[in-house]
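A.B. asks: just a sequence and a predicted model for now, questions to come.
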Amino acid sequence: MASRRSHTIGAIIPTMENAIFARGLQAFQETLDDLGYNLLVSSTAYRPDVEAEQIRSLVARGADGLLLIGYERNQAVYEYLERQTIPTLLAWAYSKDSARPSIGFDNRASMRALAEEVISMGHRHIAVISGIVEGNDRAAGRLQGIRDAMVSNGLDLSDLPVIETPYEIDNGSNAFEDLWGLITKPTVVMCGNDVLAVGAIQRAIEMGIRIPEDVSITGFDDLELARIVTPRLTTVHVPHRQMGHEAARELIQMVEGKSQGKSQRLECALEMRESLRAIG
């Protein structure tokens, strides 16, 4: 059986446009290399139809296993993978309710933890710049985490303005300007990731709005961007490199028949920096 292996692993990620997946994928490749496997990477531009095509292409090329991002995809894709008996591991998400093996983190709980902190600092007028929720369980989980925190603190969800937009800096900038035009201005803008948050900070500065004196801004991921932007970004630290290493080890265990596929929840942590302040 081993002689028929290609010693190639396929990874399909939503985008290569920014650094969201770079750190984790680098660690994934490092560990694969240590274990004697090569990596093929493709990106989908967040399009499920493209992902399905790329899965079929990697299977046709003889990939021994696949790394996919998140849970949400058509059931027919999972059925195809099961028919092909291709070991498949999910990453960047974790759900205790799913039987599919994953190495990741709870997006909903992690964003809720940040939102609880934001609310504890006196913020009641919250606005959100979210990634596109449809087809993206990570974005959906983060948005729901903010809503969970609001409900648990007695805040009205009808008062929560949300703009969904693709993960690009310019989109974060434009969304911030739209939110700042609301009659009731937010005291904090919570962004679905650091890329959107940096765009929001840039536009705020261009508009003469002080951060955090006039408005606080938060992100999610703790990319390098979060530490070099001014003011430094309060965000959720995702253990990208740990996730990449652990995912590679588990997927190879699956490929080599040593594991049926185990899930592992990794813990995120709040990174409190200068872009968020207490009010009231």
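C.D. replies: Nice, thanks for sending it over.

A.B. asks: what's the distance between residue 158 and residue 152?
C.D. replies: Distance, residue 158 to residue 152, using C-beta to C-beta, to the nearest Å: 16 Å. Every C-beta, even on glycine, is put in place using the N, C-alpha and C of the backbone.

A.B. asks: neighbour-wise, which of the two wins?
C.D. replies: Applying other C-beta atoms under 10 Å to residue 158 and residue 152 shows that residue 152 carries more neighbours, namely 12 against 6.

A.B. asks: contacting residues around the closest residue to residue 130 other than its chain neighbours?
C.D. replies: With sequence-adjacent residues excluded and distances taken as C-beta to C-beta, 6 or more residues apart in numbering, residue 130 is closest to residue 192, at 4.4 Å. Shown in contact with residue 192 (C-beta atoms under 8 Å, 6 or more residues apart in numbering): 128-131, 139, 142-143, 167, 220.

A.B. asks: can you tell me which of the residues you listed are in strands?
C.D. replies: Counting by DSSP state E, the part of those found in strands is 128-130.

A.B. asks: residue 181: which of these is nearest?
C.D. replies: Nearest to residue 181 among the ones in strands among the contacts of residue 192: residue 129, at 13.7 Å, using C-beta to C-beta.

A.B. asks: select only the buried ones of the contacts of residue 192 in PyMOL?
C.D. replies: Remark: buried members of the contacts of residue 192, expressed as a PyMOL selection using 16 or more other C-beta atoms under 10 Å:
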select buried, resi 128+129+130+131+139+142+143+167+220
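
A.B. asks: got a list of contacts for stretch 250-266?
C.D. replies: With contact meaning C-beta under 8 Å, 6+ apart, stretch 250-266 is reached by 1-2, 5, 9, 32, 35, 37, 64-65, 67, 87, 89, 94, 96, 98, 100-106, 239, 242-243, 246.

A.B. asks: buried sites along it?
C.D. replies: 250-255, 259, 261, 263-264, 266.

A.B. asks: repeat for stretch 76-86
C.D. replies: Buried-residue list, stretch 76-86, by 16+ other C-beta under 10 Å: 77, 81, 86.

A.B. asks: mean confidence (pLDDT) on that stretch, please.
C.D. replies: Averaging pLDDT along stretch 76-86 yields 95.

A.B. asks: now do stretch 203-212
C.D. replies: pLDDT averaged over stretch 203-212 gives 98.

A.B. asks: give me the contact list for that stretch.
C.D. replies: 172-174, 176-177, 180, 201, 214-215, 217, 231, 274-277.

A.B. asks: please save the CA atoms from that stretch in PDB.
C.D. replies: This file holds the C-alpha atoms of stretch 203-212, laid out as PDB (Å, rounded to 0.1, in the frame of the first residue of the first chain):
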ATOM      1  CA  ARG A 203      -9.900  55.300   6.900                       C
ATOM      2  CA  ALA A 204     -10.500  56.600  10.400                       C
ATOM      3  CA  ILE A 205      -7.100  58.400  10.400                       C
ATOM      4  CA  GLU A 206      -7.800  59.800   6.900                       C
ATOM      5  CA  MET A 207     -11.100  61.200   8.200                       C
ATOM      6  CA  GLY A 208      -9.400  62.800  11.300                       C
ATOM      7  CA  ILE A 209     -11.100  60.400  13.700                       C
ATOM      8  CA  ARG A 210      -8.900  59.500  16.700                       C
ATOM      9  CA  ILE A 211      -8.400  55.900  17.800                       C
ATOM     10  CA  PRO A 212      -9.300  55.000  20.500                       C
END
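
A.B. asks: return the distance of it from the chain's centre.
C.D. replies: Put simply, stretch 203-212 sits 26 Å off its chain's centre (C-alpha atoms, centre = their mean, to the nearest Å).

A.B. asks: what's the answer for stretch 12-26, then?
C.D. replies: Taking C-alpha atoms, centre = their mean, one finds the center of stretch 12-26 at 10 Å from the center of the full chain.

A.B. asks: tell me which other helices or strands whichever strand or helix holds residue 145 touches.
C.D. replies: Assigned by DSSP states H and E, residue 145 falls within helix 137-152. The contact analysis (3 or more C-beta pairs under 8 Å, 6 or more residues apart in numbering; DSSP states H and E) places helix 137-152 against helix 107-120, strand 126-130.
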